Each structure stands twice: as structure tokens, then as C-alpha cells.
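Visitor: From the sequence below, what's the structure:
(4 chains)
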2 protein chains.
Amino acid sequence: MKVTINDVAKLAGVSMKTVSRVINKEPSVRKKTYDLVMSAVNELNYQPNIAARNLAGTSSFAIGLVYDNPNAYYVIDMQNGVLSRCKEEGYELVIHPCSYHDDNMQEEFKTMIKRSRLAGLVLTPPLSEQQSIIDMLDELGVHYVRLLSGRDTDINERNNCILVNDYAAAYEITEHLISLGHKRIAFVLGDKEHKSTSERLAGYHKALKAHNIERSDSLIYEGSYSFESGVNGAKELLKNGNPNNITAILGGNDEVAAGALFAARLMNIDIPAELSITGFEDSPFSRQTWPKLTTAHQANNVISEHAARLLFSKARGSRQQDKDVKTTFTPSLVVRESTGYAK
Amino acid sequence: MKVTINDVAKLAGVSMKTVSRVINKEPSVRKKTYDLVMSAVNELNYQPNIAARNLAGTSSFAIGLVYDNPNAYYVIDMQNGVLSRCKEEGYELVIHPCSYHDDNMQEEFKTMIKRSRLAGLVLTPPLSEQQSIIDMLDELGVHYVRLLSGRDTDINERNNCILVNDYAAAYEITEHLISLGHKRIAFVLGDKEHKSTSERLAGYHKALKAHNIERSDSLIYEGSYSFESGVNGAKELLKNGNPNNITAILGGNDEVAAGALFAARLMNIDIPAELSITGFEDSPFSRQTWPKLTTAHQANNVISEHAARLLFSKARGSRQQDKDVKTTFTPSLVVRESTGYAK
DNA sequence: AAGAAAATTGACAGCGTTGTCATTGTGGCA
DNA sequence: TGCCACAATGACAACGCTGTCAATTTTCTT
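Guide: The predicted structure follows:
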């Protein structure tokens, strides 16, 4: 019933170890032997036993994805990207959502790492930006790759990071609004624990400056990456008859923008005639509002796939830094119906 | 560095096997011995090696969640529910999205099952409703629990199913609309491959009949569980000046309802003054549209947690059918702003 | 063509648990 | 008290693979 490595070895007429070499794609196996073994593998439909490999080998055949993010679309994209790479490599994916607010999270996290002896971890914001976590992983000697908001110049982040250039993207979005004649542009920020928040804010400031538009703190609402925050932010910014003459609102992400849209509707404000709104990320969200959102496209599944790629190439030993691993991504502007000329 | 079962045994002054018994909660260990071992476990902060347990034991310490569902909120809820149970039991969760359209999916699926020797599987619709999959799993002798749309009376579905009574929920939703005076109630159906679609339709029919309202095929749009389908369905149903005098639309789920809402807005139809719309599932979606959706609340995370519960209780050997496993769930009506009196 | 170096393969001992079965301890009953 | 049944524990061999290192074969030198 169960086919083991011995059965394959017997059929191929080689030693068990040689079969092991073949399935692990180790070098120094003659082509002829390789083919011989592979045909035996196929004939018997052999599936290596993961548990045995984990036990005998130094590293395991599973990687972990760690996140603390309430945004379902984001998480699913991340999972799918990493998963597609895992499939390719014959690894399993263990998902590990956790809450960074939780005090004993870190301890629990450590336990789980030690238990499962994962081959590596993909960390997403904001955990990827938390120094204490990084330190712990370094101490434990675990391979990991961090997904971060950052610019090309941030290469001091060693070589285990995938950077998303929110700064440039925010610049582009802001400039788009400016080009439509907007000058009083508000910003509903995301969680301040996320580096993306400060990066996006910095990009926005930079664009304002480049076009000689004065910045004002009264245009900034410090919120979080949620629909509710978008609602509250817009309400706050526009209350009392919009004293700041805001003509456009940058949403920290698509959810926030959708929330702002919602609030605008409650206040009978027409989008985009009276107010322009933009999102960030281009999640399905941005196509399911009315009107559809102008946003910055960020292919989270592609990004996370590259994160996994980088992780595997690191875990395999840094023989070669895979060239097809792209380590910097810049979201690009997608113009839809939620932005228009300033009134 | 690494603490093994031997270290614990030595410290506790018992044999390795006894420690094994304790950590596996096997009966027939004296209380005194148990405490002795446990204190050694705690002192050394011992973590059993999962790989070794998998290899030596008959079943592994991970379960799988299988889904083919584009709805991110749904998937995340499912994952989180199962995950919370896994944490409790010290198991890992391996996620396995797959596409039932894909021809070699089944083969690939089989391979992965054999590879990872999972302790069990939680299957979600529509895969849980696909006979060929069930047959394959039976043949492989894998434990599984199915999440299905069905009624209490469907107990012929052996005892490894968790039922969601969409029939009753659709009845309730439809009755809600009828009580508001609606008589021309349209229905944008979900994918026909999903049993929930026919169940929801049946509940709707039943409610119409109970209130002597004639049914009409011209009020039914056969779509799928997506936003786009909701848009198209509503457009189709209401086109040419709404010849069927539709005053309410049942969305197959919240996404569909959101799509219908979107379409209505494009057609300048006021919700709920001119048209009532309802969703299904009470996903975050239903609170992020304007107006918010009347829907049927379905706690997917709770449901999936119970599915995992059931799976564990089965896998442990059917000693006792855990009484705290609830196997039937009926979504309940949540009235929000998208429904109103018929005009 | 012999000898050395390099490439390829194999033998064998773990990896850290659990299953099996044998051994020891404990309490009940005649 | 002595014997038996049964509960509690232990010894030891798997589980299916990989790491190590030694043996063999091939290739290259001169």
C-alpha cells in the first residue's frame, strides 16, 4: 500500500540514498541514474513522507505565514501568493494569524516556532516592522523574510526584505489629485503602527511641496486601516460645513476610502463632483463601491510570492541569490470614477 | 538546547514511554506520576517534536481545510474558526484552496492528501457536496467533516456533516419582505453548483406559497456568488423599465446584494424607497454598503469551529460524540436599511 | 597505461516519537 | 495470607527519511 523510498530504490536498482538525492534535487547524480530513479518514482507513484523528511533532515518542509491584519482581501492575497510558491517547491504552508496587541503573543509565537521547526517565515506588516519580533527570530536562528513599506534606498534593511514603495505611490496619487486642480487635500491615515502610514504620509507631503501647496495638520486625520475609520475620518474632516474647504480625501487604503465614500453619502456629498476620494491597494473593494475608486494598484499576491521565493532561496543556503526575485515593488496609479476636477 | 522526551523522562525519573502517555493524555497514568511528569515538562519547557510524532504515530498532528471559494471574508472566517480549535488541540492547520473547475485538481488533491498524511479534513462547499471527492476520501480512509447546506431532516448525511439551514433562513428573509408588503420579489441566485443555491431558492418558494404569492420564473436570475453577478442580475431583472414590477431583490449572498445595490444606483433607483434588497451571510460586506444590507446572519467562524470540533472528536475515535458539537445552524434575519415597505 | 583527483554511489546510524508486548506493582477476595 | 486480576510502567523496535563518511567508479594527468 504505502510506497517508501526503499521500494523505489529496489525497483530502480540503486540505494535508498541515491533516491533521496534525486528527490532532493541534489547535484552529483548522473543523468542516467536520475532518469532511472524518476521512472521508478513515477511508476510507483511515490510520495516522500513529509514527517520523515522533517525528522531526519535539518529543516522541515513547511514555511509559516505570519500576519496580524484584519483585511480579509489582503490576507487571502498574501496566502495565495505564498501558497503558489510552496506548491512549486513541495512545501506546506502553516498560517499563523496573531494579534500584536496581545501581550503573551510573542511567547506563544515563540513556542509555535520551536514546536513546528518551520523552514522559514514570511512576516507581513506590522509584525515585520516590530523589532522585538525580529530580534527573537534572529536569536532563534530562524530564516525569515520581511514584507515592508520602504524605499529602494532602504537597503540597510539587510537582504531579507521585500519593499513596497508606498512613498512613491502616495506621491503619484497626490499628484494625480493636484493635476485635477485640488489644493485642499485631506488624508485619513491608517494605523500609526504601520510603517506604510508614515511612508504614505511622507509621499503626500512631498507631492504637496513639489507643487508649492502648503500642508496643514487640520487636513490630517489619524485613523486606522478600517472602513469605520474611513467613515469617522471623513465625518470629522467635513463636519461643520467643511470649514477647511476640502475638495479631496486620500484614504489610507481602499477600505478607508470606501468608508469615506459612505460618510460622504450620508452627508449628501456627491462623489466625484463635490469631493474626490482615493484608495490604496486596489483590492476588490475598490471596484465594489459606487463610484469605483481611484487607487494605487498593489499586487499583493505577486509580492508575497516573491517573498516566498526569497525565503526559499535563502533557506536553500545563499548559493545564488535568485535573480528572478524582485525585492522592490511600487504600486501604480489606477484612475477610476471617484476622482474628478476640483470644483 | 533541544529538549527531548528523554530529558523529561530522566528528570521525572520515569520511562520515556510514560512521558509519552502523559503528553498524549492517555488514561492509566497515576495522578502522582502525571504530576511528576508535568512538572518536569514545565521545568524544561519541553515541546514535543511534531515531525517525530507524525512519523511514529498512526496519524499526524495537522488537519487540512479545503475550500474553493472566491469570497475572502468567507474563507478567512472559516480559517479562523478551524484555527482556534487547532490551537486548542495543539494541531497545525494546512490550508488547501483548490478549483473544482480544474480537471486534474482531484488528482493533485489526492497526492497532497497522501503526502501530508493529515489527521483529517474540513471540507467546505461546493467541494463538500461533490460526490467524487467524498468517494475518493472514503477510499483513502481519510477522516473528514463536511460543511453543507441542508436541513435538520437530512440526517441521512451520515454523522460527519455540519448543516447550515439555508432553507429556513431564506424562508425568513422572504417572509420579512412579504411582511413589508412586497409581492413581486426577485431572486439573484448563486452558483448552481452550490447546494445553498437550491436550498435558498426552495425556502423562498416555500415562503411565497405560504403567503399565497404566485411564483414566476421571470423573477429568477441564475447567477453566481459574486459582486459582478449581482450587478448583472439586477440590470437584467430591472431592464426596460422594470416590466415585472419588481419591488424587492433577494441577493444570493451579500456580495450579490452589494452588486445589485451598485446596479440600482447606476439606474438611479433609490434603495429602499423604490426597491428593497437583501443579502445573505452577514459578512462585513453587508455593513459596508450604503445603505447597509438587511441579511441573514451566519457565523462562519463559529460554524467552522464546530466542524473542527466534530473532526477531532471523530479522529480521536468515536468514544464519545462530543455533546458540545452543534451540527445544525440556522442563519437568522438581521434587518438593516436596505429593506423598506413596498412602494 | 598507471596513478591521482574527482565524481558518483552506498552502508549505516540516527532523528524523537509511538506501538507492542513484557514486566512490575496494587488491591481485592477467598 | 496467598493468589489472581488488572492497572501502571518500561524495554525496545519500528516509523521513513537524511547526514556522514567510506567505497566505488569515472575522468583526467602525465
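Visitor: Any residues of chain A in contact with DNA strand C? List them.
Guide: A:13-18, A:21, A:27-30, A:32-33, A:52, A:55-56 (CB under 7 Å from any atom of the strand). The way it works is simple: take the backbone N, C-alpha and C, and place the C-beta from them, glycine included.
Visitor: Drop anything exposed from these.
Guide: Buried members of the residues of chain A next to DNA strand C, counted by 16 or more other CB atoms under 10 Å in any protein chain shown: A:14, A:18, A:21, A:29, A:33, A:55.
Visitor: ranges for the helices of chain A?
Guide: Using DSSP state H, the helices of chain A run over A:5-12, A:16-23, A:31-44, A:50-56, A:72-89, A:105-116, A:131-140, A:166-179, A:195-210, A:227-238, A:254-266, A:300-315.
Visitor: Deepest-packed of those, please.
Guide: helix A:254-266 (a mean of 26; mean count of other CB atoms under 10 Å in any protein chain shown).
Visitor: Just the CA trace of that one, in PDB.
Guide: C-alpha atoms of helix A:254-266 as PDB (Å, rounded to 0.1, in the frame of the first residue of the first chain):
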ATOM      1  CA  ASP A 254      -9.400  51.100  -0.100                       C
ATOM      2  CA  GLU A 255     -11.400  50.200   3.000                       C
ATOM      3  CA  VAL A 256     -10.800  53.600   4.500                       C
ATOM      4  CA  ALA A 257     -11.700  55.200   1.100                       C
ATOM      5  CA  ALA A 258     -14.900  53.100   1.000                       C
ATOM      6  CA  GLY A 259     -15.700  54.300   4.500                       C
ATOM      7  CA  ALA A 260     -15.200  57.900   3.400                       C
ATOM      8  CA  LEU A 261     -17.400  57.400   0.500                       C
ATOM      9  CA  PHE A 262     -20.000  56.000   2.800                       C
ATOM     10  CA  ALA A 263     -19.800  59.000   5.100                       C
ATOM     11  CA  ALA A 264     -19.900  61.400   2.100                       C
ATOM     12  CA  ARG A 265     -23.100  59.800   1.000                       C
ATOM     13  CA  LEU A 266     -24.600  60.200   4.500                       C
END
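Visitor: And that helix, what does it pack against?
Guide: Packing partners of helix A:254-266 (3 or more CB pairs under 8 Å, 6 or more residues apart in numbering or on different chains; DSSP states H and E): helix A:227-238, strand A:248-251, strand A:276-278.
Visitor: low-scoring stretches of chain A, by residue?
Guide: A:1, A:153-158, A:316-324 (pLDDT under 70).
Visitor: interface residues of it facing DNA strand D?
Guide: Counting by CB under 7 Å from any atom of the strand, chain A comes close to DNA strand D at A:2, A:4-6, A:16-17, A:20, A:23-24, A:46, A:48-49, A:52-53, A:55-58.
Visitor: and if we set it to 10 Å?
Guide: Residues of chain A lying close to DNA strand D by CB under 10 Å from any atom of the strand are A:1-9, A:15-24, A:26, A:28, A:30, A:32, A:46-59, A:61.
Visitor: Which residues are in contact with the closest residue to DNA strand C within the stretch 151-300 of chain A?
Guide: Closest approach between the stretch 151-300 of chain A and DNA strand C, counting by CB to the nearest atom of the strand: residue A:160, at 26.4 Å. Shown in contact with residue A:160 (CB atoms under 8 Å, 6 or more residues apart in numbering or on different chains): A:144-146, A:310, A:314.
Visitor: Relative to residue A:311, how far out is it?
Guide: Separation of residue A:160 from residue A:311 (CB to CB, to the nearest Å) stands at 8 Å.
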